[in-house]
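I'd like to go over a predicted model; first the sequence, then the structure.
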Amino acid sequence: MSIAVEHGITEDAIHKALSKVQDPEIHRSITELDMVKEVHVAADGTVKVAIFLTVAGCPMKDRLTNDIKSEVGTIAGVSAVEVELDVMSSEQREALKTKLRGGQVDREIPFAQPGSLTRVYAIASGKGGVGKSSVTVNLAAALVAKGLKVGVVDADIYGHSIPRMLGVTEPPTPIDDMILAPTAPSGVKVISIGMFTPGNSPVVWRGPMLHRAIQQFLGDVYWGDLDVLLLDLPPGTGDIAISVAQLVPNAEILVVTTPQQAAAEVAERAGTIAVQTRQRITGVIENMSWMPCPHCGEQVDVFGSGGGETVAEALTRATGTKVPVLGQIPIDVRLREGGDNGQPLTASDPDSPAAQVLIGIADKIATRSRGLVGMSLGVSPVRK
Ligand SMILES: Nc1ncnc2c1ncn2[C@@H]1O[C@H](COP(=O)(O)OP(=O)(O)OP(=O)(O)O)[C@@H](O)[C@H]1O
């Protein structure tokens, strides 16, 4: 960065102001990312700041321009701020990508590294429509509200409804082979298989392509330092669950079911795949457990009862360690509405009964310590 100053405005003051401006997608300071090309101060106190954008037509350029104007504009003696936009050369982009990968030139999945502090949860269900995506977005928003950095991968090829449920409208920004994930208004970073398919067309990819897509979402997307990554899997016991197990062996499983016994049986099958892949099952979440009767306020079990407990017991038997029911979420029209208008209930109405259960589950998965408890070691007893 080159800075030419006069008019009593110090280089230090300009550097300090610019260091407060963050790239809206990378969430790191533009000075740290070497995005400032040059700064010039004219005799009348006009400051011209030239910036390197990561890519031409960067969707965040207006926000960046405004942020620079407001930060630099606060310096005493500055009469006006002008921002000029340039684009990084391929060498500069390469250097930026290396910086974002923590000095690593090669792509790798950061969450699969031994030192990774990110807790990865794959959200699974036996069949569609049980509320897996609703649970995922509400847990994500609740975890952000606790001050954690959270990312969501929408790997549900049949549903891919996560961006809408989180209110994300912008597409991801590619920097060559690196992808910057858009951030939802709640602060959750999101990447979805739906962002890579034209219109609303269904994805007809088969196993190897899906594996590659998940690998890209985990390895090519710049996530920054996440505390928690949630993966919304497609319903059933499909290829993606196995890909996740291969790519991120330390991912833990959350199984979502309704109280209905038929749903519980298929959810149990989805859970047992974790036994085969030796992944830990953190617990079972029962959704649509009950609703208050509109006339008398009493609890009505619309979809029967006991499904969550049935799945938890079956998975406890299969793994040999206690798999708990983490919570029973009631039916709440506002939860559905929140999904439709991109405002998770845990953020918009955290005191509602359904949000309270979800926040309780978020507390449990946020504080869970690492260890071998609950993980199938893949050993069987030997008879002597
Ligand atoms: N507790 C709840 N109360 C009211 N509505 C709910 C609740 N949970 C989910 N829903 C609604 O049920 C519908 C299905 O939920 P969702 O899309 O989250 O399910 P899913 O299991 O992810 O389905 P798929 O895998 O088929 O995408 C949505 O319209 C959602 O808003």
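Good, I have the coordinates.

Enumerate every residue touching E84.
Going by CB atoms under 8 Å, 6 or more residues apart in numbering, E84 touches 37, 48-51. C-beta: built from backbone N, CA, C; applies to glycine.

Now do the SS call for it.
Judged by DSSP: H, G, I helix; E, B strand; the rest coil, the three-state class of E84 is strand.

for the ligand, what are the nearby residues on the chain?
Those residues of the chain that sit near the ligand, judged by CB under 6 Å from any ligand atom, are 125, 128-134, 156, 159, 161, 235, 287-288, 329, 331-332, 335-336, 339, 354.

Of the residues you listed, which belong to helices?
132-134, 335-336, 339, 354 (DSSP state H).

Q92: what's it in contact with?
34, 52.

Give me the three-state assignment for it.
helix.

out of everything not next to it in sequence, what's closest to the closest residue to the ligand within the stretch 251-384 of the chain?
For the stretch 251-384 of the chain and the ligand, the shortest gap (CB to the nearest ligand atom) falls at R336, measuring 3.5 Å. Spatial nearest neighbour of R336, excluding adjacent residues (CB to CB, 6 or more residues apart in numbering): S134 at 7.6 Å.

That neighbour contacts N287, doesn't it?
Yes - here S134 reaches N287: they are 7.3 Å apart, a contact under CB atoms under 8 Å.

between the two, which one's more packed in?
N287 (27 against 24; other CB atoms under 10 Å).

That one against V135, yeah?
Yes - look at N287 against V135 with CB under 8 Å: they come within range, at 6.1 Å.

List the contacts of the residue nearest in space to the middle of the chain.
In the chain, the residue lying closest to the centroid (CA atoms, centre = their mean) is G151, at 1.7 Å. G151 sits next to 181, 188-191, 223, 226, 228-230 when contact means CB under 8 Å, 6+ apart.

can you rerun that using 10 Å?
111, 118, 120, 140, 181, 183, 188-191, 217-218, 221, 223-224, 226-231 (CB atoms under 10 Å, 6 or more residues apart in numbering).

swap in Q343?
By CB under 10 Å, 6+ apart, Q343 lies in contact with 137, 141, 165-167, 184-186, 334, 337, 349.

With L210 instead?
So L210 contacts 155, 157, 193, 203, 234, 238-240, 242-243 (CB under 10 Å, 6+ apart).

Take the contacts of G151 and keep only those in helices.
Judged by DSSP H, helices contain the following of the contacts of G151: 140, 217-218.

rewinding a little: hey, what's in contact with both of S134 and N287?
In contact with both S134 and N287: 256, 329, 335, 354, 358, using CB under 10 Å, 6+ apart.

List just the nearest of the residues you listed to C296.
A354 (19.5 Å; CB to CB).

Which parts of the stretch 51-200 of the chain are strands?
80-87, 119-125, 150-154, 173-175, 178-180, 189-192 (DSSP state E, counting those that start in this stretch).

R93: which of these is closest?
Checking these against R93 by CB to CB gives strand 173-175 as the closest, at 5.8 Å.

Got the domain ranges for this structure?
For the chain, automatic domain parsing gives the domain ranges 2-100, 110-367.

would you turn those domains into CSV with mean pLDDT?
Supplementary listing: the domains of the chain in CSV, determined by pLDDT from 0 to 100:
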stretch, mean pLDDT
domain 2-100, 87
domain 110-367, 87
